[in-house]
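Student: let me see the structure of the following:
(one chain, ligands or ions: 1)
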Amino acid sequence: MNYQAIKKECEDNTHLISMVPVSEIIRFGYEIGLNENSKVLDLCCGYGTLLKVWNETYGISGVGVDLNNHFLSIGNERLQQEGIDKVLLICDDVTKYKDDEKYDVVICSETIETIQNTLELGEKFLKKGGILAYQKLYSKVQNPPQELVDFDGEVLPLLELNRIFNSLGFYMTCMASDTNSMWEHYVVNWSGKRDINMLRQNPNDEKLKQWIEKWYRMYFDYRRQYEGQALFGLERF
Ligand SMILES: C[S@@+](CC[C@H](N)C(=O)[O-])C[C@H]1O[C@@H](n2cnc3c(N)ncnc32)[C@H](O)[C@@H]1O
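Tutor: Numbering: from 1, shown residues only. Model (predicted):
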């Protein structure tokens, strides 16, 4: 077994703020036909890990945009460590971002107000015939529990999401799903551990204690059973 390759995959998974693992992101990239001529824009790129992984696998060039400077500086450090100079990470609000370039693939990792708004924003930067890669939470059941809706906002079942994509003129031609282990990493390690470290510094912070209790309860009681996340590859027809 190639332990070093597994460790590298863990490092990349740790730098995804998403529940879709690197192995699935690589399959997604293969299925949408990425190659060294592909230009990819990642709106809400976090650490820029999708671009990093697709550059290392397929040689793509890309631009990532995110508001969070902390994520971007870690992302830039990781790109530098690997000697990747075809990926640029920019600090900006995606709703204000300006770019004259048209891209083969535009990733929309965050819903900006509505699904329609988000896809319209992504499509502004997309070449004709390009792929929108939309990352979205969904409900695994027809009627999700109210507690989950109160916590996460509207979570729609896959069939309803597909209907909305179609009504906006898109077909789903690729899909990469989450795994329990990525959820576990996100909930208890990426987010949970950070909050518990904060609690160590402020042990009397009752609000934080309540939040931590709620965060874990929402995952074990609701999110694990009823919620999924996927990266949807959408094409116009
Ligand atoms: C769910 S994370 C996704 C990160 C990345 N795509 C990944 O898979 O790791 C969403 C990101 O959206 C960013 N974000 C949210 N609203 C934004 C906005 N209006 N402009 C730029 N970035 C935004 C957050 O800072 C966060 O990094």
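
Student: can you pull out the helices in the protein?
Tutor: For the chain, the helices identified by DSSP state H occupy 3-14, 22-31, 49-58, 69-81, 115-123, 146-152, 158-167, 180-184, 194-201, 206-217, 224-226, in order along the chain.

Student: show the contacting residues for Leu51.
Tutor: 40, 42, 45, 60, 62-64, 87, 89 (C-beta atoms under 8 Å, 6 or more residues apart in numbering). In short, each C-beta sits where N, CA and C put it, glycine included.

Student: spatially nearest residue to it (excluding sequence neighbours)?
Tutor: By the measure of C-beta to C-beta, 6 or more residues apart in numbering, the closest residue to Leu51 outside its immediate chain neighbours is Gly62, 4.0 Å from it.

Student: filter the contacts of Leu51 down to the ones near the ligand?
Tutor: Contacts with the ligand are made by Cys45 out of those, judged by C-beta under 6 Å from any ligand atom.

Student: okay if I get the contacts of Leu51 as JSON lines plus neighbour count and pLDDT?
Tutor: As requested, those are arranged in JSON lines below (neighbours: other C-beta atoms under 10 Å; pLDDT from 0 to 100):
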{"residue": "Val40", "neighbour count": "27", "pLDDT": "98"}
{"residue": "Asp42", "neighbour count": "26", "pLDDT": "98"}
{"residue": "Cys45", "neighbour count": "29", "pLDDT": "98"}
{"residue": "Ile60", "neighbour count": "24", "pLDDT": "98"}
{"residue": "Gly62", "neighbour count": "25", "pLDDT": "98"}
{"residue": "Val63", "neighbour count": "22", "pLDDT": "98"}
{"residue": "Gly64", "neighbour count": "29", "pLDDT": "98"}
{"residue": "Val87", "neighbour count": "24", "pLDDT": "98"}
{"residue": "Leu89", "neighbour count": "25", "pLDDT": "98"}
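
Student: closest to the ligand among the contacts of Leu51?
Tutor: Within the contacts of Leu51, distances to the ligand taken as C-beta to the nearest ligand atom reach their minimum at Cys45, with 5.4 Å.

Student: give the contact list for that closest one.
Tutor: For Cys45, the contact set (C-beta under 8 Å, 6+ apart) comprises 51, 64-66, 71-72, 75, 89, 107, 109.

Student: of the residues you listed, which is the most crowded?
Tutor: Gly64 (29 neighbours; other C-beta atoms under 10 Å).

Student: run through the bridge partners of that one.
Tutor: In this structure, Gly64 has the following beta-bridge partners (DSSP bridges): Asp42, Leu89.
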